[in-house]
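Q: What would the 3D arrangement of this be:
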Amino acid sequence: MNEQNLRVVIIGGGPAALTAAIYASRANLDTTVIAGYQSGGQLMLTSEVENFPGFPEGIMGPELMDGMRRQAERFGSKFVDADATRVDFSARVKKVFVEDEVYEGEAVIVATGASAMWLNLPSEERLRGRGVSSCATCDGFFFRGKEIAVVGGGDSALEEALFLTKFATKVTLIHRRDKFRASKIMQDRAAKHPKIEIVPDTVIEEVLGENKVEGVRVHNFKTGETRVIPLDGVFVAIGHRPNTDIFNGWLDMNEKGYLTVQNETETNVKGVFVAGDVYDYRYRQAVTAAASGCKSALDAEHYLEALAGEPAEILTAQNW
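A: As a prediction, the model looks like this:
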């Protein structure tokens, strides 16, 4: 098998997928990226990125993604701006379908990421990147000296609230129930922190502001009270959902739907590798996603080197 014919299909359009594409195409592999209709990942929802190395003055999220894509295209990566609809990983040559089109590759890198869960409010969607965020680590710095709210009741929400006290003058923790799902120690820390005010039994009805967040209108289930809380930012921390539906029945997942890996990037199917937030539910950072994209591409390259010159009939996914 000539290495020029070795094909890699990358599913995803965020920093993990784009970094994998840069490395794969530079390795002289025929690289196709199924980037999705909304390529760029969650950084497309981030106004300014200040924690990605190499940009001392910061860079806009969409601009960073555009630069990564152009870099991958420079080395020969081909892009399909549509969503993968199903896969077939049963043979040595893997198939990725985009509606009626099929893209084949001896190796596949899954970098479909995870989507933040939102409140599904029109005002929230309109103000994303303008004070509404789902990542305290990414955007907390921009709220230095300001008042903000965190929505949620799990460990992630309380961790974000505590983290944001480093920057904000006040953090209002809004939860729709009177009891938190978070661990007891996290609840105690939040309850005792002088900058955190806990508002239970409450939901946000509307995020207020035209061009930026200026407050929220909330409703308390128990008292029936509706009021406005003036603030400068809203961090939604009600969970993430990995984008793994099309891999059901093919790839191993944990109870939350995140893909499981062995040896850093390998899945249970030989020739299928993973990168980014589709398996990493701990860090969820652009730089760690990019790093895992690099690793998955290198592992895919080594896998394909082993395929070169071998008879196809002895290299099926089942008996590798």
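Q: buried residues in the longest helix belonging to the chain?
A: In the chain, ranked by residue count with DSSP state H as the criterion, the top helix is helix 286-307. With burial defined by 16 or more other Cβ atoms under 10 Å, the residues of helix 286-307 counted as buried are 286, 288-301, 303-304, 307. Yep, even glycine has a C-beta here, placed from its N, CA and C like the rest.
Q: Please apply the same query to stretch 249-262.
A: 250-251, 253, 257-259, 261.
Q: Likewise for stretch 135-151?
A: For stretch 135-151, a neighbour-count test (16+ other Cβ under 10 Å) marks 135-136, 138-140, 142-143, 146-151 as buried.
Q: which residues of this protein score low on pLDDT?
A: Residues of the chain that meet the criterion pLDDT under 70 lie in 1-5, 45-47, 309-320.
Q: Run through the helices of this structure in chain order.
A: Using DSSP H, the helices of the chain run over residues 15-26, 61-74, 122-126, 136-139, 155-164, 184-192, 286-307.
Q: if we compare those, which one ends up closest to E48?
A: Judged by Cβ to Cβ, the one of the helices of the chain that comes nearest to E48 is helix 61-74, at 7.3 Å.
Q: Run the chain-centre distance for the closest one.
A: Relative to the centre of its chain, helix 61-74 is centred 17 Å away, using Cα atoms, centre = their mean, to the nearest Å.
Q: Now do it: everything it contacts.
A: Outside helix 61-74, the residues within contact range by Cβ atoms under 8 Å, 6 or more residues apart in numbering are 13-15, 18-19, 21-22, 25, 31, 33, 35, 39-41, 43-49, 52, 55, 79, 129, 286.
Q: Just the buried ones among those, please.
A: For these, a burial check counting by 16+ other Cβ under 10 Å picks out 13-15, 18-19, 21-22, 25, 31, 33, 35, 39-41, 43-49, 52, 79, 129, 286.
Q: Narrow the residues you listed to those in strands?
A: Among the buried ones among the contacts of helix 61-74, the members found in strands (DSSP state E) are 31, 33, 48-49, 79.
Q: Pipe those into JSON lines and attach distance to D155 per row.
A: Shown next, in JSON lines, are these (distance: Cβ to Cβ, whole Å):
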{"residue": "T31", "distance to D155": "38"}
{"residue": "V33", "distance to D155": "34"}
{"residue": "E48", "distance to D155": "27"}
{"residue": "V49", "distance to D155": "25"}
{"residue": "F79", "distance to D155": "37"}
